[in-house]
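Enquirer: based on what follows, work out the 3D shape:
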Amino acid sequence: MFQKPTPEELKRLAAAGGGIPGVPWQVTLKATPEDRIKLRAEAEQRRRQDELDAAATLAKAQRVGAMTKHHPRWDEFCDRLEGPDGVNPQLGPRTSPDGTVSEGWSWTCAGGHDKSLASKILIAMGFTNEQVAVSLAYFESEGGLCDCEILFNVAE
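Expert: From the prediction side, this is the model:
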């Protein structure tokens, strides 16, 4: 479980140069100045590698004709994913697991890394198995880990 730093720990963290992406704040606080330099360099290397991986995924997606934000049928795909055969977001009364009814957004999504709705839509649109697989990898590289995140993170 995530443990929030105390105000004193936040001051010490700021004095140490702030947090390091991908490194727990507790590790940053305990690290020597030399170790923090090394941790920052490793974090920058990971960021650059992630950018290269995303670029390679996009290039492959475009090469095989997979679905991307640049595909000519992107709007059609998003409309289907947003519609009744997809996550179907709805504003209105919703019931929480404890039985409380409140006003808000609800949608259909299994979460995790499940992109079964997106897969079914792509297949219905005539995409091959390879194009579907590469499309799903592209969505993940853009922050779309599940069906609803494709709309919330990739489409936006």
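Enquirer: from here on, just use CA atoms for contacts and neighbour counts.
Expert: Noted.
Enquirer: could I get the full set of helices for this structure?
Expert: 7-15, 25-30, 33-64, 74-82, 116-124, 129-141, 147-149 (DSSP state H).
Enquirer: single out the most deeply packed of those helices.
Expert: Most buried of those by mean neighbour count (mean count of other Cα atoms under 10 Å) is helix 147-149; its value is a mean of 24.
Enquirer: for that one, give me every contacting residue.
Expert: With Cα atoms under 8 Å, 6 or more residues apart in numbering as the test, helix 147-149 has contacts from 81, 86-87, 107-111, 114-118, 143.
Enquirer: for stretch 126-141, what is the average pLDDT?
Expert: Averaged across stretch 126-141, pLDDT comes to 95.
Enquirer: no, scratch that, I was asking about stretch 73-81
Expert: The model assigns stretch 73-81 a mean pLDDT of 96.
Enquirer: CA atoms of it as CSV?
Expert: Written as CSV, here are the backbone C-alpha positions of stretch 73-81 (Å, rounded to 0.1, in the frame of the first residue of the first chain):
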residue,chain,number,x,y,z
ARG,A,73,-10.9,4.9,-39.5
TRP,A,74,-9.9,6.1,-36.1
ASP,A,75,-13.1,8.1,-35.5
GLU,A,76,-15.2,5.1,-36.5
PHE,A,77,-13.3,2.9,-34.1
CYS,A,78,-13.7,5.4,-31.2
ASP,A,79,-17.4,5.8,-32.0
ARG,A,80,-17.9,2.0,-31.8
LEU,A,81,-15.8,1.7,-28.7
